[in-house]
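# Only the shape, not the letters, is given here:
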């Protein structure tokens, strides 16, 4: 079969349409309709995708970016915990502790900003 432009599938489970239980495509997503179409160059396009656009990385980055508030609050709380552990242990005997703390919290905020832009770039 050489002269085709697409393959089309009617997605049914036991003669019914339950699209939430069906995963298709390069990213194993739920289809939007019961008809799934594979174009002629579908598989060659999958090979050209970068590592972060392939499953499971794309799903992971997509879920992180889709719930931005949870992701950034979680990272911020985790950063605060790490900074406070450092304050109690490594910075306990240091002079100018306030400068070290300001530098650590500034670094945490810069990491949050970098994570935001990295996720924004990776999730398109």
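Perfect, I can see it now. Remember, predicted model here, so these are calculated numbers, not experimental data.
# which residues touch stretch 64-82?
108, 111, 112, 115, 116, 119, 120, 122, 123 (C-beta atoms under 8 Å, 6 or more residues apart in numbering). (Each C-beta comes from the backbone N, C-alpha and C, glycine too.)
# Go through the residues you listed and flag which are in helices.
Counted as lying in helices by DSSP state H, out of the contacts of stretch 64-82, are 108, 111, 112, 115, 116, 119, 120, 122.
# Buried only: go through those for me.
108, 115, 119, 122 (16 or more other C-beta atoms under 10 Å).
# Assess the claim that the first one and residue 83 are in contact.
Right, residue 108. Yes. The criterion here is C-beta atoms under 8 Å, and residue 108 meets it with residue 83 at 6.5 Å.
# what's the spacing between residue 35 and residue 23?
16 Å (C-beta to C-beta, to the nearest Å).
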